[in-house]
Structure formats: structure tokens, C-alpha cells
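Trainee: sequence isn't available, so here's the structure alone:
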């Protein structure tokens, strides 16, 4: 597994990151342990989780379970120093976690301590804000996004507070780096500028949705990512399974994510299946596995990008890990570009 530099952190991570958001709901503890074993054997040393995981659905009684599964694996297997662990503090509005309270400095401190206990580790390599307190356009909210009403001075005061607490946590050895998720270009630029102005920790990475079907990162974000050396950790590179082809024809197979969440959180639209068909056709024409093509596409972008893969069984995980050896040809990339122009923003 090729290793890549993670921005300005000084850390080297595997070119693919292992996601864990189904562990504790769709996956048992034993399933999670087996996935970590397989991923590590394949050279994947970068794992991502969050305090609110598992999802589908998020429930108060399962919050933190994914971290606990990683923690029990670490207790049984050891090898913490060879891993890069990323987790997240939950943003405002998620009722299952702290009754939806917004992120504050005090919450950041408490959430880090709770994650450390569940993970059974002394430090977190990358600690991410799951989403900002203010209005954001992610999770299909772009269709109704309205940034009016934000108080810039209050937003920036909050940012400075969080960065000051991050500095304390880094000094205490509890986290190594602070990072973003589901953030905007304006937000990221302010985090970076305020860190520079006040001599505070720099936001290291951003975890936003990105796939062949969701390419909001390709313009202003791509420029910021390159010029500020802020890598994208791309979640849902398979568009929650749409790009595997298993939902083609608008079917809902038993045991899949769509059986639990029929709209795939708003991703099922009249436009999505023609777009999926186009990408499946490109893969078939080139003799490629569509799963591996979709993941390799993320790795081939003109900005630093680490795709986060997730699986509900070992067969799916093995298939996704095969993308590490795949380099897409110029012809395939040209076909993907043409399909994107024909099927822009399908959800």
C-alpha cells in the first residue's frame, strides 16, 4: 500500500483510509476486528471514526460504539504506534449526542477525553470537527443553503476559542492535530488565517463528501487544498454504494444500507441512475471493477485526496482495497470527464 504525506502534519498515511461508521449497527464487534485485521495486512494504517458512530441510524444507545470496537481491537492486538487514528467531535443539531449542543471549547475537552477512553489510547492523531456550528451546504443542504444571518465576529470568536483549546490538547499530548469536516472554503480560510494571526494550531485536513457523483470539491476547494496543503479525506467515494451498481434499476437489496435508508439520505433522485449507468458503462468498457475505478478516481485528483472506504463484509473490503494498485488510463479519465459533463450534480 503506497504511503502519502498528510499535508503539513509530518505524518505518512496509507493512500486509502479505513472507515468505521457501520461498526456497532450493521457490523458486530467481531466484524470490525476482522476488517481491521484485513486492512492492516493490506497496509492500511489510517483509520477514521467519530464519537457519534455508528450511523444508519444514529442512536443515543449506540453512540461511541465504533470507537469502542477499535479500542477493544487495540487492547487485544496492540500496535497503536503503527496506526494513524482519526475521530470527530459531533456538531450542532445531532440530538443523540449531548442533545444537539453546539461545539464549544468545554465540549471539545470532554469529547476528546471520552474518545480516548473508548479508543483505549493515550492520544488521537487527527481530531476533526464533524461539521460547523453555523449553516453549511453539505448533506444535500446545498439546495436550500442560505448563509445570511451569520455573525462573522461571533463565528471568528468561536474559531479562536476552539483553536486555543486545541493548542491545550496538543500540549497535553491528547491530540496531535486538529482538523475539519463538512466545512466550506470560507470557513477553512478563516480557520487558517486566525491560526496564523494568533499563533495557534493549523487545521490539518478536511473530510468532505467526494465521489464521481458528488464533486463539489473540484473548484474553489481544490485550489485551497493545493495552495494551503490541506488534503481532502473523501468520504462516501462509492456514493453510499450507488457506484457499486447494486442499486441499479432502482432496486433495494436486502441487508444493504438502502434497506435501512431508502433515499440514501437524499441521494436517490431521477438523475442519479442515468449517471450511475454512465460510470458503470465506462468501467465495463475498460474491463475495470467499478468499485475500484471509483476509488482510484479519488486518488488521481489534482489535489491531495485520501478516499475513506467502508464495508459491511470482508468481501466488500477486499474488493475496495484492490483499488490501491489501480492507475486509471488517460482514456478512462477522459470518459469520466465526459460523463461528468453529461451528468453533473445528480443529487
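Mentor: Good, I have the coordinates. The structure presented is a predicted model; accordingly, all values stated were derived computationally and were not measured.

Trainee: just name the shakiest helix or strand of the protein by mean pLDDT.
Mentor: In the chain, no helix or strand scores lower on mean pLDDT, DSSP states H and E than helix 257-260, which sits at a mean of 95.

Trainee: any idea how far residue 341 is from residue 5?
Mentor: 32 Å (C-beta to C-beta, to the nearest Å). For the C-beta atoms, the positions are set from N, CA and C on the backbone; glycine is no exception.

Trainee: more crowded one of these two?
Mentor: Counted by other C-beta atoms under 10 Å, residue 341 and residue 5 do not tie: residue 5 has more neighbours, with 13 against 8.

Trainee: that older thread, buried ones in the helix or strand following the least confident helix or strand of the chain, by neighbour count?
Mentor: Downstream of helix 257-260, the first helix or strand assigned by DSSP states H and E is helix 272-286. For helix 272-286, the neighbour count (16 or more other C-beta atoms under 10 Å) marks 272-273, 275-276, 278-280, 282-283 as buried.

Trainee: likewise for stretch 122-139?
Mentor: Buried residues in stretch 122-139, defined by neighbour count with 16+ other C-beta under 10 Å: 123-134, 136, 138.

Trainee: pLDDT averaged over that stretch - what is it?
Mentor: Mean per-residue pLDDT for stretch 122-139: 97.

Trainee: gap between the two ends of it?
Mentor: 32 Å (C-alpha to C-alpha, to the nearest Å).

Trainee: re earlier: among the buried residues of helix 272-286, which one sits closest to residue 232?
Mentor: residue 279 (19.7 Å; C-beta to C-beta).

Trainee: now the closest one. Nearest residue, chain neighbours left out?
Mentor: residue 212 (5.3 Å; C-beta to C-beta, 6 or more residues apart in numbering).

Trainee: could you do residue 233 as well?
Mentor: residue 207 is the one closest to residue 233 (C-beta to C-beta, 6+ apart), at 4.0 Å.

Trainee: for the chain, which residue is closest to the average position?
Mentor: residue 235 (3.5 Å; C-alpha atoms, centre = their mean).

Trainee: name the nearest residue to that one, ignoring sequence neighbours.
Mentor: residue 308 (4.9 Å).

Trainee: quick one: pLDDT of the one you found?
Mentor: Looking at residue 308, its pLDDT reads 99.

Trainee: again with residue 97
Mentor: At residue 97, pLDDT is 98.

Trainee: kindly report the same for residue 49.
Mentor: Confidence score, pLDDT, at residue 49: 99.

Trainee: sorry, back to before: wait, a helix at the residue nearest to residue 233?
Mentor: No. With DSSP: H, G, I helix; E, B strand; the rest coil as the criterion, residue 207 is strand rather than part of a helix.

Trainee: isn't it right next to residue 181, touching?
Mentor: Yes. Residue 207 lies in contact with residue 181 (C-beta atoms under 8 Å); the separation is 4.0 Å.

Trainee: overlap in contacts of those two?
Mentor: 88, 128, 233 (C-beta atoms under 8 Å, 6 or more residues apart in numbering).

Trainee: circling back to that earlier point, and the buried residues of helix 272-286 as a markdown table, adding distance to residue 27?
Mentor: Below are these laid out as a markdown table (distance: C-beta to C-beta, whole Å):
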| residue | distance to residue 27 |
| --- | --- |
| 272 | 26 |
| 273 | 27 |
| 275 | 28 |
| 276 | 25 |
| 278 | 31 |
| 279 | 27 |
| 280 | 26 |
| 282 | 31 |
| 283 | 27 |
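
Trainee: kindly reformat those as TSV containing pLDDT.
Mentor: Formatted as TSV, those follow (pLDDT from 0 to 100):
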residue	pLDDT
272	98
273	98
275	98
276	98
278	98
279	98
280	98
282	99
283	98
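
Trainee: chain center to stretch 137-157: distance?
Mentor: In terms of C-alpha atoms, centre = their mean, to the nearest Å, the centre of stretch 137-157 is found 20 Å from the chain centre.

Trainee: oh, and call the first residue 40 from now on, that's how I've got it
Mentor: All right, first residue 40 from here; so that's stretch 176-196.

Trainee: that stretch: end-to-end distance?
Mentor: End-to-end distance for stretch 176-196: 22 Å, by C-alpha to C-alpha.

Trainee: this protein: helices as residue ranges?
Mentor: 68-80, 104-116, 144-158, 191-210, 224-237, 259-266, 296-299, 311-325, 329-338, 353-360, 369-381 (DSSP state H).

Trainee: just the buried positions in the third one, please.
Mentor: By that I understand helix 144-158. 144, 146-148, 150-151, 154-155, 157-158.

Trainee: which of the helices of the chain sits most buried?
Mentor: Most buried of the helices of the chain, by mean neighbour count (mean count of other C-beta atoms under 10 Å): helix 329-338, with a mean of 23.
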